[in-house]
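[1] The amino acid sequence is not available; the structure is as follows:
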């Protein structure tokens, strides 16, 4: 596998030089982590996982070495204390429900985030709950500790509007002991500035440290708020220095990346890190077998996936 000069960022090409792939594509070493499989599809998956862990998350332990409880109620209580608010609002669509009258005490069937749920009618703060298909605004809990396994998630008091144009802001936290204070600092800043957001933080202690321990999701028109997050944690103990090689670094330990916009089969639904790692895995294996330069193959693969090769944190054609 040979390398050469391309438009890829230097820290990504430097990271690629520390990866070894056998010519038949059945064995790989990713910064000291061994990956092997005789099944090509399984090999791509394993290599992608290793790249995600090492190049993106900065996680050195393999998943099989980690033993932890997904829910740590005591730690979740510590994280909950750092949330400045308890309620937010969300939009939902009213569903038709036979046999349930529209009285003040009867529940209301709505579709929220693609799931139909019954909610107390008293939670409606705006909209017409009597008309099936109408969009209503509901009061709802801001804290969602079980929504994303291993993470404690919160919706801001001003919730992030739906849409594909989403900017992720990553904060590297070095230890679970420091996480509650960093978390509280970020959320306090976002609430004080009236920013619409969703945020999550690692709630599984053995997974620390990670470059993506804390993630804030901003709508495209709130992307300017990312710089304020970096400034808010600039002197906060517990914020690390490393960032994912795929991201755009704002400050030591703080970086941004746009949600992937790749609608090809098998690529939708991937997180940012998973998406970039999957593309890189394919390019590495193709380079090992063909002898072509991995940078050239990865550049072409990024372009095909709608990724800016010179700045993989961005999608092609994305506004500055």
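    Great, that's in hand. Since this is a predicted model, take the numbers as computed values, not measurements.
[2] Would you mind confirming that residue 119 makes contact with residue 137?
    No: taking contacts as Cβ atoms under 8 Å, residue 119 lies outside contact range of residue 137: 11.7 Å. Bear in mind the C-beta positions are built from the backbone N, C-alpha and C, glycine included.
[3] So if I had to pick from those two, which one is more boxed in?
    residue 119 (18 against 15; other Cβ atoms under 10 Å).
[4] Residue 169 sits in which helix or strand?
    Taking DSSP states H and E as the definition, one finds residue 169 inside strand 166-173.
[5] average pLDDT across the next helix or strand along the chain from that strand?
    Under the assignment DSSP H and E, the closest C-terminal helix or strand after strand 166-173 is helix 179-192. Mean per-residue pLDDT for helix 179-192: 98.
[6] And for stretch 272-288?
    Here the average pLDDT along stretch 272-288 is 98.
[7] how far does that stretch sit from the chain's center?
    Offset of stretch 272-288 from its chain centre (Cα atoms, centre = their mean, to the nearest Å): 18 Å.
[8] now stretch 223-240
    That offset, for stretch 223-240, works out to 17 Å (Cα atoms, centre = their mean).
[9] Okay, buried residues for it please.
    Going by neighbour count (16 or more other Cβ atoms under 10 Å), the buried part of stretch 223-240 is 223, 225-226, 229-230, 232-233, 236, 238-240.
[10] Pull up the distance across it, start to finish.
    22 Å (Cα to Cα, to the nearest Å).
[11] Mind checking what secondary structure residue 269 has?
    coil (DSSP: H, G, I helix; E, B strand; the rest coil).
[12] Would you mind measuring from it to residue 278?
    With distances taken as Cβ to Cβ, to the nearest Å, residue 269 is found 11 Å from residue 278.
[13] Now residue 21: phi and psi?
    phi -130, psi 130 (degrees, to the nearest 10).
[14] ok, it to residue 47 distance?
    8 Å.
[15] Residue 215 too?
    Distance from residue 215 to residue 47, by Cβ to Cβ: 24 Å.
[16] same thing with residue 112?
    From residue 112 to residue 47 the distance is 37 Å (Cβ to Cβ).
[17] For residue 91, list the residues it contacts.
    Contacts for residue 91 (Cβ atoms under 8 Å, 6 or more residues apart in numbering) come out as 135-138, 162.
[18] Could you count how many residues lie near residue 78?
    18.
[19] now swap in residue 95 and tell me
    14.
[20] from memory it sits against residue 118, does it?
    No: if you go by Cβ under 8 Å, residue 95 and residue 118 don't touch, sitting 9.7 Å apart.
[21] list the residues that contact both of those two?
    residue 109.
[22] Helices of this structure, residue ranges please.
    With helices called from DSSP state H, the chain shows them at 10-16, 40-51, 73-80, 179-192, 225-232, 272-290, 294-304.
[23] quick revisit: if you count what's nearby, which of residue 112 and residue 47 comes out ahead?
    residue 47 (26 against 14).
[24] Pull the contacting residues for that one.
    28, 30, 35, 281, 284-285.
[25] can you put those residues in a markdown table and add neighbour count and distance to residue 53?
    Below are these laid out as a markdown table (neighbours: other Cβ atoms under 10 Å; distance: Cβ to Cβ, whole Å):
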| residue | neighbour count | distance to residue 53 |
| --- | --- | --- |
| 28 | 23 | 13 |
| 30 | 22 | 8 |
| 35 | 22 | 11 |
| 281 | 26 | 12 |
| 284 | 25 | 15 |
| 285 | 24 | 17 |
